[in-house]
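Trainee: How does the following fold in three dimensions:
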Amino acid sequence: MTVVFTSMMAFILASPASVDWMGLLILTLGGMLVTGAANALNQVLEKDFDILMERTANRPIATGRMSVSEAVMAAGLMTLVGISLLALFNVWASFFGMLSLVSYAFVYTPMKRISPLAIPIGALPGALPVMIGAVAIQGEITAFAVTLFAVQFFWQFPHFWAIGWLGFDDYQKAGFKLLPSVNGQRDERTGLQSFVYASLLILIPILFHWNFNTGWISIAIMAITGAVYAMYGWQLYKQNSKQSARKLMFFSFAYMPIILLVLMIDKFLF
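Mentor: Residues are numbered from 1 along each chain as shown. Here you go, the predicted model:
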């Protein structure tokens, strides 16, 4: 739902004065299907590891409620229909839709058991939804689409590191290496890295003013939101505690909706 929400918001933000509501519906359906296909393939590939973790042990393939062949068939149908819907816009929308699916399922998913580099690799498909939403309506890769992509790309690092910190023991059971570790323990520099990436989100909003005439009040709100995000990353670095990781995680859930809603208000009300 979060993935599709950001794509929908990017579509609306990149639209001219009037929104193509039928186009938005097509984008939503296509995005839901492609995302569903990617998650289905993820569960097929990780069925033997999902059963080892409390968070994923009840997934349908891991428990045997759904067979692998059924899941692959469902993923194939969702991919076919989802990419076809995105192709109704232009070749860029369908290309980025397929790129996000393939990179998530077949690059990010196996990399999770090899190296923490899975996080920057996974940040690519994780940030493509806003790109898809923007190019669907604009028909080309624009500076606006790239700027939205940059925001969602850098947002993901503290987000997933916070989740990785909290689920570290569970991930260890399945051999996943989502969080940097030292001698089998959480790397205490994770909070510092989260702080650095979140700090970039203080500066990126200025690009919206330079390139798209976004108002300074909106820019200030976006920068302050980034600063708060960075503060929670710094707290994780200093405290290295479950409580600080949880605060960072919960604020990360709020960050993207806040940024997109601020841009929406600026576009239509000011």
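
Trainee: Please make it C-alpha for all contacts and neighbour counts, starting now.
Mentor: Fine.

Trainee: I'd like the average pLDDT over stretch 233-244.
Mentor: Average pLDDT, stretch 233-244: 95.

Trainee: same deal with stretch 8-26?
Mentor: Averaged across stretch 8-26, the pLDDT comes to 93.

Trainee: what sits up against that stretch?
Mentor: Outside stretch 8-26, the residues within contact range by Cα atoms under 8 Å, 6 or more residues apart in numbering are 27-28, 85-86, 130-131, 133-138, 144-145, 148, 260, 263-264, 267.

Trainee: ok, longest helix in the chain?
Mentor: Criterion DSSP state H: the longest helix present in the chain is helix 242-269.

Trainee: List the buried residues of it.
Mentor: Residues of helix 242-269 classed as buried by neighbour count (16 or more other Cα atoms under 10 Å): 244-249, 251-252, 255-256, 259-260, 262-264, 266-267.

Trainee: repeat for stretch 199-218
Mentor: Neighbour-count burial for stretch 199-218 flags 199-202, 204-208, 214-215, 218 (criterion: 16+ other Cα under 10 Å).

Trainee: Residue 63: how many residues sit nearby?
Mentor: Number of residues near residue 63 (other Cα atoms under 10 Å) recorded here: 15.

Trainee: Is it in contact with residue 51, as I believe?
Mentor: Yes - with contacts counted by Cα atoms under 8 Å, residue 63 reaches residue 51, the gap being 7.1 Å.

Trainee: just checking, which of the buried residues of stretch 199-218 belong to helices?
Mentor: Of the buried residues of stretch 199-218, the ones assigned to helices by DSSP H are 199-202, 205-208, 218.

Trainee: pLDDT and distance to residue 20 for those - can I get that in a markdown table?
Mentor: Shown next, in a markdown table, are those (pLDDT from 0 to 100; distance: Cα to Cα, whole Å):
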| residue | pLDDT | distance to residue 20 |
| --- | --- | --- |
| 199 | 97 | 35 |
| 200 | 96 | 33 |
| 201 | 96 | 30 |
| 202 | 96 | 32 |
| 205 | 91 | 26 |
| 206 | 91 | 28 |
| 207 | 91 | 26 |
| 208 | 90 | 23 |
| 218 | 95 | 25 |
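
Trainee: Adding distance to residue 126, write these out as CSV.
Mentor: Shown next, in CSV, are these (distance: Cα to Cα, whole Å):
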residue, distance to residue 126
199, 19
200, 17
201, 16
202, 20
205, 19
206, 23
207, 21
208, 21
218, 25
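
Trainee: So the closest residue to residue 139 other than its chain neighbours versus residue 144, what's the distance?
Mentor: Leaving aside its chain neighbours, residue 139 sits nearest to residue 90 (6.3 Å; criterion: Cα to Cα, 6 or more residues apart in numbering). Going from residue 90 to residue 144 by Cα to Cα, to the nearest Å gives 17 Å.

Trainee: related to what we said a few turns ago, give me the subset of the contacts of stretch 8-26 lying in strands.
Mentor: Judged by DSSP state E, these include no members of strands.
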